[in-house]
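A.B. asks: Got a sequence here, can you build the structure:
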Amino acid sequence: MNARWIDRIRRHGPNAAVLLLIAAMGWWGHRSGWKVSRLSTLWSRSAPVEEDWCPTHNVPLSKCISCNPALRGANPADWCKEHGMPESRCIFCHPDILKSGKAVDWCAQHGVPESQCTICHPDIAAKGPPPEEKSDVTVLPPDSPRAERNPASCSIHELRVQFASVESVGKAGIRLETVEERPMPEFVRAPGEIQYGQDAVARLSARSPGIAWRILKGLGDWVRKGDVLALVACAEAGRARADLIQALATREARERTFKRIETSAESGFRTQGELQEAEASVHAARIQVMAAEQALRNLGLPVRAEDLTGLPDERLSEEVRFLGLTDEIRKALGKDATEGGLLPMVSPIEGVVVSREVVVGEAVDSTRTLFVVADTGRMCVALDVRLEDASRLSVGQDVIFRPDGDAGAAASGKVTWVGTAVDDRTRTVKARADLENPEGRLLAHTFGSARVKVRETPNAAVVPERAIQWEGCCRIVFVRQTPEIFQPRKVRLGVRNGEFREILVGLVPGEVVVTEGSALLKSEILKSRLGVGCAGE
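C.D. replies: Here you go, the predicted model:
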């Protein structure tokens with residue numbers, strides 16, 4: 001080799017060596033999948049071990065229930081790998097299954113898939129120990145009304161969500177809670193207005209026209225039953241008093257005359273006709289006394305003619321003049337009571353004067369309410385119940401009422417009346433409930449909302465509200481089958497009470513369900529349904 005070639009090799013040899021090295025690295029990377037093996041593997045004489053991984057479902061291949069249906073107890077010969085469910089029940093590949101409108105796996109009695117009906121098959125429940133950590137549960141807003149599609153034609157319960165490992169479940173933010181068993185009351189809600197109790201309020205007016213002579217009780221005063229609120233100078237009351245005194249005097253005179261004639265008739269000095277005539281006049285006098293007595297009672301003045309019989313004239317006049325007045329008022333009035341006929345306005349109940357619409361010297365009559373007395377310890381609430389809820393109400397049911405603006409004034413009571421007609425304008429049914437108000441916090445004419453307990457299940461299966469998902473046609477809850485596998489379970493919902501929701505069918509107490517992260521699992525099962533089935537509708 002001459003010097004010329006040696007010079008060329010010296011100048012171009014390094015470049016050629018670099019190019020050959022790059023070509024060798026490309027060939028080796030292509031064969032190894034651009035993965036660097038461990039030195040122990042490179043020097044080992046044993047054959048390389050194939051990695052246990054399913055790239056399609058991102059889980060270990062040996063545990064992939066979509067690729068190995070036998071792991072979940074399914075028949076490998078009857079399996080749809082595309083949708084992860086039995087081929088014979090895959091409505092996506094064979095939509096003719098739904099010509100009858102229902103899937104093969106359906107419990108018509110309870111409205112859930114037969115394979116998930118915990119009432120017909122309680123052995124299917126996947127119970128387990130409660131998780132060590134329990135996530136905080138918050139109250140979700142009520143669901144917006146949605147038109148439910150036919151859940152019998154949905155095979156979402158055949159799907160499963162599988163994680164690669166238990167650690168990946170935690171990294172995904174999944175939180176688990178146990179299906180609890182607790183009492184679940186069902187309430188009917190209705191707006192209402194606080195009112196005074198029908199038997200705890202009295203609206204008083206003068207029984208006869210007159211002039212307000214004296215006011216004895218004012219606004220806010222506490223009065224007992226029988227207390228006098230005001231005195232009205234009434235001409236009719238004066239005439240009724242005078243008529244009673246005259247009737248008593250006439251009866252007494254005619255009774256003496258009858259006794260004298262009766263004695264003379266026994267001696268033969270009077271005829272039977274005269275005796276009968278005297279007896280008739282006594283009877284008429286007694287009727288006059290009864291009429292005068294009733295006239296005073298109609299004015300609210302308690303009187304018994306027998307108590308006044310035989311009194312001296314001065315004492316009789318005084319007793320009749322002070323009819324209906326207490327000894328304390330009599331002493332306060334003295335001789336002023338001679339000012340016409342005084343008619344007392346008496347409270348028929350114990351309570352507070354909540355309204356006074358009269359002043360001294362004002363003309364009054366029986367058509368105008370002058371005082372309102374109410375027992376504020378017993379209030380009632382008038383409810384406007386929706387027509388569809390009215391049939392569930394009955395007398396004696398418990399009621400909890402919360403007034404607007406003062407949640408601390410909540411009161412409890414009982415339903416006392418349910419209306420029998422529908423309001424023409426609001427199309428609601430009226431109902432009424434009595435409430436206890438010992439502290440007086442409930443104010444009349446306050447609006448608020450009431451809850452009437454219409455049903456209570458003592459041992460209901462409940463889950464947190466956030467565990468329930470809507471996937472397009474069904475309400476589902478994800479149940480833990482194994483630490484890495486979760487099953488969507490169709491459920492029928494009951495009542496909501498705070499942060500919990502009753503499950504009528506689909507779950508039993510003791511099963512472990514997903515709470516936080518359930519929306520993530522829903523998105524996973526909907527991936528296989530994009531463009532077909534319920535998700536494409």
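
A.B. asks: show me where pLDDT drops low in the stretch 351-500 of the chain?
C.D. replies: Within the stretch 351-500 of the chain, the set of residues satisfying pLDDT under 70 comprises 407-408.

A.B. asks: And the strands in it?
C.D. replies: Using DSSP state E, counting those that start in this stretch, the strands found in the stretch 351-500 of the chain span residues 351-356, 363-364, 371-374, 378-386, 398-403, 411-422, 428-436, 447-464, 469-470, 475-480, 485-490, 492-497, 500-505.

A.B. asks: Can you list the strands that the third one pairs with?
C.D. replies: The one in question is strand 371-374. If you go by DSSP bridges, strand 371-374 pairs up with strand 201-204 (antiparallel), strand 351-356 (antiparallel).

A.B. asks: who wins for proximity to Arg304 among the ones you listed?
C.D. replies: Smallest distance to Arg304 across these (Cβ to Cβ): 24.0 Å, for strand 201-204. All C-beta spots, glycine's among them, are computed from the backbone N, C-alpha and C.

A.B. asks: Following element in sequence after the closest one, please.
C.D. replies: strand 210-215 (DSSP states H and E).

A.B. asks: So what are the sheet partners of that following strand and their directions?
C.D. replies: Short version: by DSSP bridges, strand 210-215 pairs with strand 228-233 (antiparallel), strand 363-364 (antiparallel).

A.B. asks: will you turn those into TSV that also has mean neighbour count and distance to Ala382?
C.D. replies: What follows is the strands paired with strand 210-215, written out as TSV (neighbours: other Cβ atoms under 10 Å; distance: least, Cβ to Cβ, whole Å):
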stretch	mean neighbour count	distance to Ala382
strand 228-233	22	27
strand 363-364	17	30
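
A.B. asks: Distance from the chain centre to stretch 7-24, please.
C.D. replies: Offset of stretch 7-24 from its chain centre (Cα atoms, centre = their mean, to the nearest Å): 88 Å.

A.B. asks: one step back: make CSV out of the strands paired with strand 210-215 and add distance to Arg492.
C.D. replies: Formatted as CSV, the strands paired with strand 210-215 follow (distance: least, Cβ to Cβ, whole Å):
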stretch, distance to Arg492
strand 228-233, 61
strand 363-364, 65
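
A.B. asks: right, and these - which one's nearest Gly324?
C.D. replies: Closest approach to Gly324 among these (Cβ to Cβ): strand 228-233, 7.6 Å.

A.B. asks: Which other helices and strands does the following helix or strand past that closest one contact?
C.D. replies: Once strand 228-233 ends, the next helix or strand along the chain (criterion: DSSP H and E) is helix 235-266. Taking 3 or more Cβ pairs under 8 Å, 6 or more residues apart in numbering; DSSP states H and E as the contact definition, the neighbouring helices and strands of helix 235-266 are strand 210-215, helix 272-298, helix 305-308, helix 313-321.

A.B. asks: Give the residue spans of the stretch 151-300 of the chain that score low on pLDDT.
C.D. replies: Applying pLDDT under 70 to the stretch 151-300 of the chain picks out residues 151-153.

A.B. asks: could you redo the last one with a cut-off of 80?
C.D. replies: Applying pLDDT under 80 to the stretch 151-300 of the chain flags the ranges 151-158, 268-269.

A.B. asks: ok, the closest residue to Gly419 other than its chain neighbours to Val352 distance?
C.D. replies: Using Cβ to Cβ, 6 or more residues apart in numbering and skipping residues adjacent in sequence, the residue nearest Gly419 is Lys430, 3.8 Å away. To Val352, Lys430 is 27 Å away according to Cβ to Cβ, to the nearest Å.

A.B. asks: Give the full set of residues in contact with the residue sitting nearest the centre point of the chain.
C.D. replies: Nearest to the mean C-alpha position of the chain, counting by Cα atoms, centre = their mean, stands Arg451 at 2.7 Å. Contacts for Arg451 (Cβ atoms under 8 Å, 6 or more residues apart in numbering) come out as Phe187, Val188, Arg189, Val399, Ile400, Phe401.

A.B. asks: do that again at 6 Å, thanks
C.D. replies: Neighbour list for Arg451: Phe187, Arg189, Ile400 [criterion: Cβ atoms under 6 Å, 6 or more residues apart in numbering].

A.B. asks: from what I can see Arg392 touches Val454, true?
C.D. replies: Yes: the pair Arg392 / Val454 is scored as a contact, 4.5 Å apart, by Cβ atoms under 6 Å.

A.B. asks: Need the overlap of contacts for these two.
C.D. replies: By Cβ under 6 Å, 6+ apart, Arg392 and Val454 have these common neighbours: Val188.
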